[in-house]
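J.: Pasting the sequence and the predicted coordinates here, then a few questions.
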Amino acid sequence: MTSDQEAVAGKRRGESGTDTTSAPSVGARRHLLSVSDLGAEGIEEVLRVADAFVEVSKRDIPKVPALRGKTVVTLFVEESTRTKLSFETAAKRLSADVLSFNASSSSLKKGESLRDTVETVAAMGVDAFVVRHSAAGAPAAVARWVDTCVLNAGDGWHEHPTQALLDCCTIRQVLAERDGRAPAETGVECFKGLRVAIVGDVRHSRVARSSVLAFGALGARVTLVAPGTLLPPAVEAWPVAGVSHDLDEVLPQTDVCYLLRLQGERGAGRFLPSVREYAAAYGLNARRAATLADGALVMHPGPMNRGVEIADEVPDLPGSVILRQVANGVAVRMAVLFMLLGTPQGKSPAGALAGLEDAWETSGA
Amino acid sequence: MPEPTEVPPVTHRGAARVPGTVPTVVVRGGTVIDESGQRRADVVCSGGTVSAVGEGLEVPSGATVLDAGGCLVVPGLVDLHVHLREPGNEDAECIDTGARAAALGGFTAVVAMPNTDPPLDNAAVASEVLALGAGAVCKIAVAGTITVGRAGERLAPMGELADLGVRLFTDDGAGVQDSGVMRRALEYARGLGVTLAEHCEDRALAPGAAMHEGEWSSRLGVPGVPAEAEELMVARDIALVRLTKGRLHLLHLSSAGSVALLGAAKAEGLAVTGEVTPHHLAFTDAELADYDTAFKVYPPLRTAADVAALRKGCVAGTVDAIATDHAPHRPEAKDVPLADAAPGMLGLETALAVVLGALCGGEGSPLHIPSGEQLSRLSTRDVVGLMSWRPARIAQMALCQGGDQGGPITPGVPANLCVFDPTESWVVDPLRMASRSRNTPWAGRKLTGRVRHTICAGEPVVVGAEAQR
């Protein structure tokens, strides 16, 4: 699947007419549309840069001048609170100017097309679009229309790459801490053979699509756990180790239990007889959590439906890292923005990062 | 491209043909292929009919000579399935521009689909379209709707439409979902001697679908429609034909299962025919990997195995016709995210080259799609059959049915001819297309096989790959 998708990414690059040899990059690319744009090396690079920003986030003044003078537009055509705030916080901590675009009060409501909207904003001179849209592929379309860097902040059921990256960042951070090591020292070894169960509405989940690609690229063994109606079509072609309809059977062999949000409408009878029946079979409660493998982590991309996919007591269990995911979200988005916008021409992200350290010193932060 | 020795005068664009004013035309130096076979021959057309066929014929004085060196001279192509958008969406296409696109593609007759606005569900609208088409550069036939407003509920006035000469009825754009309605429609149509044409899809299996449901849709996170949604309705309609003894034409079949069902129905002796489109013979759903809306069509592009089965269906004779499903759309209908994009692509001006590449090219063709099995190549004559005399019969336009399409090319028959060079390569330039729309997936791509001249009712409407009016 990777070679196909690389071909796809290549086609995309070609069409946007950009010269990628000298452009700033994430994994040698100018946009972040899919986790498959990165590959294992690209993911590792993002994690390495993110760890540096985790450290920045802990300072008294958690701000660096890395993107001073750059303008980042958050184009959220589909409503979102946490992802938008997270991206805007990340951009501001990098000293970028942030233009926030609100679909509900915008020209889109007046009938302007997405393309015209995007071209209009781009004409004002911006450096990046962070795009959230209910249609899969909308960020790819934006990337074709304008000569500006595009970050996918969630498109339909397709992907939510920064979510998967922050999940990887969180897992590595926690496992490294347990070993008493710095995350960077561990590389991505901790993912080899890691048993991850992704539980819930995989079919309609952009988080699942990105996570499966990211975890898979790093060597984890992913099992999808869901009722048949919530599994994606052609699931046999997904790069996963297994598919199960029995959460209780999977939990003892699980190191990371990743719960997906169940939208209430799925319980209305077309996909599930009821939310109650789903919660009984697939909800993680304390009793079930106790059967997880030793030291297992519980993760959730949020927002949670307490009492549905996750029982009220579970987020407070020691294995739960849900709030750390949120905290790392900012650092990971800083990393991605920095790598796409802040790396000087011809310089590798690592080299640029070293330069950034100088910038921190001179900024007096 | 050799220049024709004499070019007929250019009339005003869109101006109607005046009967009796068509010049005498000699198509010289080509190879004539029709249902009866193949031979080197010149063809002389005068007064709208073929007046002589043979080698080294004398050029009558004042005749226009069209060079057909290296070309095949075949009966004009017939397209059972085009969307001309008039009335209602003239920004995307009009009858005039669609007809010109057809002529450039070698077609001398097309069947306009009735999903216009208003739809062709009554004699008034159908007459209007027929009147608008009367002066066009190719014959414009129309299909009527099966149900009023294409709503799938009440039968459209098929009798009054049949009186206007309508021979195909379809709710294309949607299948008739209610089996009871379809049964009654087949029974009623039987008494009129007309054919129902179905866009097969069980809509309950396709909520929000923008592509084929499979590996690619799953990966791309795009709602898909499985092949089974088409196959269920194909199977249902075949059962209803068995029940009613009606006559059915299956539009744009896209899946291996549908072709198998069509083959079984034919083996059983049922009056069922089926068409496939050039794009379903040439592309798979992998084309959507980049969310390129040019490849969003309805029914969707499917897998390599489906493409192979459609090609095999053409080779085996199970598939009766190639039809373009020419579906023009304005840029603003395509320059949107995939989910919001209008389905459909242009087809008329590229069809012949695409089909030649897909069915005659073999593994050396740029249109070859590996499927793990060896496919026989189709002869050029069989391809022309799929695009000319076989669809002509389905539309009841063939000579033996009192019509004027599909050949043979012999003295006395109406002069509807397509002259094409099967070896000429050309690069598709959307800006040079005659259609009002530009939504071709072939933009910038090289195709082999090009229409040089088209003669419609004796008039050279395309000469040297240029429309004459």
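T.: Alright, I've got the coordinates. Numbering: from 1, shown residues only, chains lettered A, B, ... in the order given.
J.: and residue B:274, which of the three is it?
T.: strand (DSSP: H, G, I helix; E, B strand; the rest coil).
J.: Over to the one 5 residues further on?
T.: With three-state DSSP as the basis, the three-state label of residue B:279 is helix.
J.: what's the answer for residue B:423, then?
T.: strand.
J.: Same question for residue B:452.
T.: Reduced to three states by three-state DSSP, residue B:452 is strand.
J.: show me the contacts for the closest residue to it other than its chain neighbours.
T.: Using Cβ to Cβ, 6 or more residues apart in numbering or on different chains and skipping the chain neighbours, the partner closest in space to residue B:452 is residue B:419 (5.1 Å). In short, each C-beta sits where N, CA and C put it, glycine included. Residue B:419 sits next to B:27, B:30, B:66, B:68, B:71-74, B:106, B:451-455 when contact means Cβ atoms under 8 Å, 6 or more residues apart in numbering or on different chains.
J.: Specify which member of these is nearest to chain A.
T.: Proximity of those to chain A (Cβ to the nearest Cβ) peaks at residue B:451, which lies at 29.9 Å.
J.: For the closest one, name its beta-bridge partners.
T.: For residue B:451, the beta-bridge partners under DSSP bridges are residue B:420.
J.: Quickly list the domain ranges of the chain.
T.: Using chain A. What automatic domain parsing lists as the domains of chain A is A:2-159+A:328-347, A:161-325.
J.: think we crossed wires, I meant chain B
T.: Split by automatic domain parsing, chain B gives B:25-74+B:410-467, B:76-401.
J.: out of these, deepest packed?
T.: Greatest average neighbour count among the domains of chain B goes to domain B:76-401 (a mean of 22), per mean count of other Cβ atoms under 10 Å in any protein chain shown.
J.: Now residue B:362: closest residue in space, sequence neighbours ignored.
T.: residue B:377 (4.9 Å).
J.: Tell me the secondary structure at that neighbour.
T.: Going by three-state DSSP: residue B:377 is coil.
J.: What score does it have for pLDDT?
T.: On the pLDDT scale, residue B:377 is placed at 87.
J.: Reformat the domains of chain B into JSON lines and put distance to residue A:221 next to each item.
T.: Listed next are the domains of chain B as JSON lines, based on distance: least, Cβ to Cβ, whole Å:
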{"stretch": "domain B:25-74+B:410-467", "distance to residue A:221": "39"}
{"stretch": "domain B:76-401", "distance to residue A:221": "19"}
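J.: list the contacts for the nearest residue to residue A:226 once chain neighbours are set aside?
T.: Excluding its sequence neighbours, the residue lying closest to residue A:226 (Cβ to Cβ, 6+ apart) is residue A:202, at 5.2 Å. By Cβ under 8 Å, 6+ apart, the contact list for residue A:202 reads A:208, A:224, A:226, A:230, A:231, A:232, A:235, A:260.
J.: What of residue B:453?
T.: B:4, B:27, B:66, B:68, B:71, B:417, B:418, B:419, B:460, B:462, B:463, B:464.
J.: Grab the nearest non-local neighbour of it.
T.: Closest to residue B:453 by Cβ to Cβ, 6+ apart is residue B:419, at 4.1 Å.
J.: try residue A:214
T.: residue A:164 (3.9 Å).
J.: For the stretch 101-250 of chain A, list the residues in contact with chain B, please.
T.: Contacts of the stretch 101-250 of chain A with chain B, taken as Cβ under 8 Å from any Cβ of the partner chain, map to A:113-115, A:133-138, A:140-141, A:145, A:155-159, A:206, A:209, A:232-235, A:237-238.
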